[in-house]
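Novice: For reference, the sequence and a predicted model appear below.
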Amino acid sequence: MSSNDYTPPEVWQPGNPAATSSAAARLNRPVAGATHEKALPVGKHPLQLYSLGTPNGQKVTIMLEELLAAGHTGAEYDAWLIRIGEGDQFGSGFVDVNPNSKIPALVDRSGPQPIRVFESGAILLHLAEKFGAFLPTDPAGRAELLSWLFWQMGSAPYVGGGFGHFYAYAPVKIEYAIDRFTMEAKRQLDVLDRRLAEQPFLAGDTYTIADIAVFPWYAGLIKGWVYDAATFLSAHEYRNLHRWADAIAARPAVKRGLMVNRLRGEPSQQLHERHDASDFDTRTQDKLAAQA
């Protein structure tokens with residue numbers, strides 16, 4: 001059946017799960033809650049991250065590595081892999097931390113009572129306030145940063161669930177949907193490019209959690225790391241965005257953060273779980289394969 005043949009019924013009912021575009025999509029349901037009992041592991045560090053190396057997960061691992069690079073030893077963390085294609089996000093322990101069953105999710109165990117934090121933007125803000133880092137203290141700078149942080153949280157679903165789904169993952173290529181979301185993706189790239197023509201970073205002269213939030217999605221788009229769509233999007237047009245992306249990608253903490261909980265790409269760039277800083281030297285997938 002083509003998209004032109006579909007007429008919505010009076011009352012929607014779930015379709016055939018086997019007809020969906022991916023194994024991960026077939027796990028989705030129109031209701032929330034756990035599907036099975038599974039406790040989450042807890043490591044030795046104050047911060048316990050349950051995540052996957054997608055753009056949303058990379059925001060948090062980049063932030064944690066930046067905090068450690070800046071000397072905040074209290075930001076040591078365990079990063080546990082959540083395999084969303086296998087339904088880990090619907091385990092009872094994960095749902096207790098994030099009732100929305102999406103990665104990333106963080107448990108801060110540094111205080112007398114554990115604190116759960118979910119949604120990547122909320123985690124970035126929690127960590128920035130906790131350590132007093134990558135967050136301006138003056139009212140104008142803070143307002144500018146929060147505006148860009150919330151812009152990213154509200155805009156990225158059009159890039160991920162919209163453009164990315166219909167361009168890269170949908171089982172049927174629908175011209176209207178691809179055109180609609182490509183228009184919006186390019187508009188967002190232009191918003192960023194224009195802003196970065198004015199300032200070196202999104203909130204001004206200083207690198208902040210706004211940049212950390214935006215980088216994995218939008219640098220990924222223009223560099224071809226996300227959806228392999230750089231040519232399709234004429235990404236070369238966004239010169240200021242490329243300059244900004246290159247500067248951030250060169251940061252050692254960013255390079256490390258992009259490796260954590262990553263399941264794709266070069267084995268040397270995949271650190272499935274991170275429990276110690278030395279893991280980057282000893283437990284990447286290429287090194288584990290060599291030891292086997």
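Specialist: Here it is on my side, so go on. Numbers count the residues shown, from 1 in each chain.
Novice: CA atoms for contacts and neighbours, from now on please.
Specialist: Will do.
Novice: Would you state the strands of the stretch 51-200 of the chain in chain order?
Specialist: Per DSSP state E, counting those that start in this stretch, the stretch 51-200 of the chain carries strands over the ranges 77-81, 105-108, 115-118.
Novice: Adjacent strands (with direction) for the second one?
Specialist: Neighbouring strands of strand 105-108 in its sheet, by DSSP bridges, are strand 47-51 (antiparallel), strand 115-118 (antiparallel).
Novice: Tell me which of these is the most buried.
Specialist: Greatest average neighbour count among the strands paired with strand 105-108 goes to strand 47-51 (a mean of 26), per mean count of other C-alpha atoms under 10 Å.
Novice: the inter-axis angle of that strand versus strand 77-81?
Specialist: If you take axes from the mean of the first three to the mean of the last three C-alpha atoms, to 10 degrees, strand 47-51 sits at 20 degrees to strand 77-81.
Novice: Output the strands paired with strand 105-108 as a markdown table; include the columns distance to Pro216.
Specialist: What follows is the strands paired with strand 105-108, written out as a markdown table (distance: least, C-alpha to C-alpha, whole Å):
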| stretch | distance to Pro216 |
| --- | --- |
| strand 47-51 | 15 |
| strand 115-118 | 18 |
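Novice: picking up where we left off before, Leu288: which of the strands of the stretch 51-200 of the chain is closest?
Specialist: strand 77-81 (16.2 Å; C-alpha to C-alpha).
Novice: returning to that earlier point: and the strands paired with strand 105-108 as a markdown table, adding mean pLDDT and distance to Tyr238?
Specialist: Output for the strands paired with strand 105-108, formatted as a markdown table (pLDDT from 0 to 100; distance: least, C-alpha to C-alpha, whole Å):
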| stretch | mean pLDDT | distance to Tyr238 |
| --- | --- | --- |
| strand 47-51 | 98 | 30 |
| strand 115-118 | 98 | 32 |
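Novice: Among these, which comes closest to Tyr169?
Specialist: Using C-alpha to C-alpha, the strands paired with strand 105-108 put strand 47-51 closest to Tyr169, at 21.4 Å.
Novice: The stretch 1-150 of the chain: helices as residue ranges?
Specialist: In the stretch 1-150 of the chain, the helices defined using DSSP state H, counting those that start in this stretch lie at 23-26, 55-69, 92-97, 120-131, 139-157.
Novice: Can you say which of those helices is nearest to Gln291?
Specialist: helix 55-69 (25.9 Å).
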